[in-house]
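S.K.: sequence first, predicted model second:
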Amino acid sequence: MPRDLDADLKMLNAVLALAENREIARAAAIAEEALASGFEHPLLLNVLATRHEQEGRLEEAVRLLERAVAINPDDVPVRNALALCLQRVDRPGEALRHVDELLRRHPELGFAHANKGNALIAIGALGLARDSHLRALELDPGNLTAMAALGSIATHRGEHGEARGWAERTLALVPGYPDAVLSMAAAELDARRHVEAEALLRGLIGDPRAGVSDKARAHGLLGDVLDAAGRYAEAFDAYRCCNGALKQIHGRYAAESSVLDYARSLTRAFGAVALRWTPAASAVCDAREHVFLVGFPRSGTTLLEVVLDGHPDVVSLEEHELLGGGVLQFMCEPLDLGALVDADEATLARLRAGYWADVAAAGADVHGKVFVDKHPLNTLKLPLIARLFPDAKILFACRDPRDVVLSCFRRRFKMNAAMYQMLSLEGAARFYAEAMSFAETVRPVLGLAWRQVTYETVMADFEGEIRSICDFLALEWTANMGSFAQRVQKREHSTPSTAQLARGLNRSGVGHWRHYTAELAPLQSLLEPWADRLAVPTRH
């Protein structure tokens, strides 16, 4: 029986009116009934997806919106809703593709430029994100999303004066706007106005309009404020509240194969092939020196990279994933490194070519330069590195494991299965121990040129240690290497270290774990031996 087109149009208008009046439950009920009857329309799918989002059923909402976009690719509200929902489920790359398509069709949409900026922030491209948000404000001077995001970008870079300006502008229009409150609180913390920062954050945490993610971030920053004020037990509780909320938000990572199990499997798999390990033949490349800067997150890798990047003969890429092709071929589960050991030169040459093509595509000209590939958890890829690049040099960053684990617990990372482990002290500690055990197992077998760099030594004798590293890399020390504070603020990508490094060399992080001895006590037997084995200087 043919549908009654007039009745369908009347129903769509009713749904639209309810949705515009924010009566989502009533609109979704009508939409659900219409969809069940066989009438599929982007508006109905969008409204039902909105209800699913409100209920926390984000993946279901994504599927509905993907169907809506397939029906009408030029439906602006639907494609925009899909991009926003993809952002909420931590799929910023896909969100960015949809926003780019929206802007290709409608470059005049200020809100789309703002959404693009947020997707770029999520993938760490802060410079590009800033450009997008500034463009959004050109097209729509009252765009709150863009104003608040510009404050967030400045905060990430440690530019707290600029962040304060954007936050004040946003809060003058909408008091309590979460991103602006967070930027303002970070600026107050930077100015050592702890009372004012705490009041702002507790206000956001108690605001019923704030979302779960907003409150999680507020708790994390509150932990930093309380830590700076010397209220360490309260700070730890705030960090625990933050991470507990993040565990709920990112709970899907709990169901994935554990990176702890993967690291253990790697050690076993390498043990099975260690006796027949043979270095690959030397591989020619355009770089004068090829350096892998590895270790574990929060061990000082970002500091070393920005210091080295101050040398005119050094090129780096700010933590790009460049070894994915080799990992997919040789290091996927179930792990058996025999294929890596037995790989022929043609296969290795193909993977090397792919690596250097990705380096070039990322904008790095390595010809005649020292190329630094910094990625802390490339520690777990050391056998692949050794087979592909036997002439590469390893800078292995280490730090007192108790400071490492505490710092991993305190900082907010871009979430993935590995970073999910950092949401508990025990998870971070066990992951650290597995990664270090793997590095200890492979180092004597791989035959790579290896220089350990200890964070505490860098802090105690910065110029002397950096000069020694330069000798290892066949570089001449230059004074500009020590002037990294302003340089780090202009980098395209940010890490949890960026804002800290913008303040210059800061030795307060050495031995900071001692303020949390009670919380770390259950893990001392696991972590203290690593401080001894890595010869990490300790401060008593």
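M.R.: Okay, I see it.

S.K.: return the distance of stretch 118-125 from the chain's centre.
M.R.: 9 Å (C-alpha atoms, centre = their mean, to the nearest Å).

S.K.: that stretch: which residues count as buried?
M.R.: 118-122, 124-125 (16 or more other C-beta atoms under 10 Å). From N, CA and C alone the C-beta is placed, and that goes for glycine too.

S.K.: now, these that are in helices?
M.R.: 118-122 (DSSP state H).

S.K.: and those residues as JSON lines, adding pLDDT and distance to residue 42?
M.R.: Converted to JSON lines, these look like this (pLDDT from 0 to 100; distance: C-beta to C-beta, whole Å):
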{"residue": "118", "pLDDT": "93", "distance to residue 42": "23"}
{"residue": "119", "pLDDT": "93", "distance to residue 42": "22"}
{"residue": "120", "pLDDT": "93", "distance to residue 42": "26"}
{"residue": "121", "pLDDT": "90", "distance to residue 42": "28"}
{"residue": "122", "pLDDT": "86", "distance to residue 42": "25"}
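
S.K.: any chance of TSV for those, columns distance to residue 341?
M.R.: Listed next are those as TSV, based on distance: C-beta to C-beta, whole Å:
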residue	distance to residue 341
118	44
119	41
120	40
121	41
122	38
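
S.K.: tell me the one of the buried residues of stretch 118-125 nearest residue 72?
M.R.: residue 119 (21.8 Å; C-beta to C-beta).

S.K.: point to the residue nearest the middle of the protein.
M.R.: Here the mean C-alpha position of the chain is nearest to the C-alpha of residue 414 (C-alpha atoms, centre = their mean), at a distance of 2.6 Å.

S.K.: tell me the SS of that one?
M.R.: Secondary structure assignment for residue 414 (DSSP: H, G, I helix; E, B strand; the rest coil): coil.

S.K.: cool, and residue 436?
M.R.: Assigned with three-state DSSP, residue 436 falls in the helix class.

S.K.: and it, what does it touch?
M.R.: Residues in contact with residue 436 (C-beta atoms under 8 Å, 6 or more residues apart in numbering) are 296, 401, 530, 533-534.

S.K.: so residue 395 belongs to a helix, correct?
M.R.: No. Counting by three-state DSSP, residue 395 is not found in a helix; it is strand.

S.K.: report the beta-bridge partner residues of it.
M.R.: Bridge pairing for residue 395 (DSSP bridges) gives the partners residue 293, residue 451.

S.K.: ok, residue 382 touching residue 446?
M.R.: Yes. With contacts counted by C-beta atoms under 8 Å, residue 382 reaches residue 446, the gap being 6.2 Å.

S.K.: and these two? Which one has more around it.
M.R.: Between residue 382 and residue 446, counting by other C-beta atoms under 10 Å, residue 382 is the more crowded of the two (24 against 19).

S.K.: grab the nearest non-local neighbour of that one.
M.R.: residue 442 (5.1 Å; C-beta to C-beta, 6 or more residues apart in numbering).

S.K.: pretty sure that neighbour contacts residue 270?
M.R.: Yes. Shown here, residue 442 and residue 270 form a contact pair, counting by C-beta under 8 Å, at 5.7 Å.

S.K.: relative to residue 369, how far out is residue 202?
M.R.: Distance of residue 202 to residue 369, given as C-beta to C-beta, to the nearest Å: 49 Å.

S.K.: and the two? which has more neighbours close in?
M.R.: Counted by other C-beta under 10 Å, residue 202 and residue 369 do not tie: residue 369 has more neighbours, with 19 against 15.

S.K.: wasn't residue 290 part of a strand?
M.R.: Yes. Per three-state DSSP, residue 290 lies within a strand segment.

S.K.: verify the contact between it and residue 391 for me.
M.R.: Yes. Here residue 290 lies in contact with residue 391, judged by C-beta under 8 Å, at a distance of 6.9 Å.

S.K.: the more surrounded of these two?
M.R.: residue 290 (22 against 16).

S.K.: so who does the more buried one touch?
M.R.: With contact taken as C-beta under 8 Å, 6+ apart, residue 290 is in contact with 371, 373, 389, 391-393.

S.K.: got the domain boundaries for the protein?
M.R.: 152-249, 260-533 (automatic domain parsing).

S.K.: let me have the ones you listed in a markdown table, extended by distance to residue 6 and mean pLDDT.
M.R.: Below are the domains of the chain laid out as a markdown table (distance: least, C-beta to C-beta, whole Å; pLDDT from 0 to 100):
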| stretch | distance to residue 6 | mean pLDDT |
| --- | --- | --- |
| domain 152-249 | 40 | 95 |
| domain 260-533 | 49 | 91 |
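
S.K.: format those domains as JSON lines; extra columns: distance to residue 93.
M.R.: Shown next, in JSON lines, are the domains of the chain (distance: least, C-beta to C-beta, whole Å):
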{"stretch": "domain 152-249", "distance to residue 93": "19"}
{"stretch": "domain 260-533", "distance to residue 93": "12"}
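
S.K.: of these, which is nearest residue 13?
M.R.: With C-beta to C-beta, the closest approach to residue 13 among the domains of the chain belongs to domain 152-249: 29.8 Å.

S.K.: so residue 283 is in contact with residue 389, correct?
M.R.: Yes. With contact defined as C-beta under 8 Å, residue 283 counts as touching residue 389 (6.2 Å).

S.K.: overlap in contacts, those two.
M.R.: Contacts common to residue 283 and residue 389, judged by C-beta under 8 Å, 6+ apart, are residue 352.

S.K.: in stretch 140-159, what's buried?
M.R.: Result for stretch 140-159 [16+ other C-beta under 10 Å]: buried residues 140, 143-159.

S.K.: pull the distance from it to the chain's centre.
M.R.: 19 Å.

S.K.: alpha carbons of it, as PDB, please.
M.R.: The C-alpha coordinates for stretch 140-159 follow below in PDB (Å, rounded to 0.1, in the frame of the first residue of the first chain):
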ATOM      1  CA  ASP A 140      30.600  33.800  13.100                       C
ATOM      2  CA  PRO A 141      32.100  36.300  15.600                       C
ATOM      3  CA  GLY A 142      29.900  34.900  18.400                       C
ATOM      4  CA  ASN A 143      30.900  31.300  18.000                       C
ATOM      5  CA  LEU A 144      31.400  30.100  21.600                       C
ATOM      6  CA  THR A 145      33.000  26.800  20.500                       C
ATOM      7  CA  ALA A 146      35.700  28.500  18.700                       C
ATOM      8  CA  MET A 147      36.400  31.100  21.400                       C
ATOM      9  CA  ALA A 148      36.600  28.400  24.100                       C
ATOM     10  CA  ALA A 149      38.700  26.100  22.000                       C
ATOM     11  CA  LEU A 150      41.300  28.900  21.300                       C
ATOM     12  CA  GLY A 151      41.600  29.200  25.000                       C
ATOM     13  CA  SER A 152      42.200  25.500  25.300                       C
ATOM     14  CA  ILE A 153      44.800  25.500  22.600                       C
ATOM     15  CA  ALA A 154      46.700  28.300  24.300                       C
ATOM     16  CA  THR A 155      46.500  26.400  27.600                       C
ATOM     17  CA  HIS A 156      47.900  23.300  26.000                       C
ATOM     18  CA  ARG A 157      50.900  25.400  24.800                       C
ATOM     19  CA  GLY A 158      51.400  27.000  28.200                       C
ATOM     20  CA  GLU A 159      50.400  30.400  26.800                       C
END
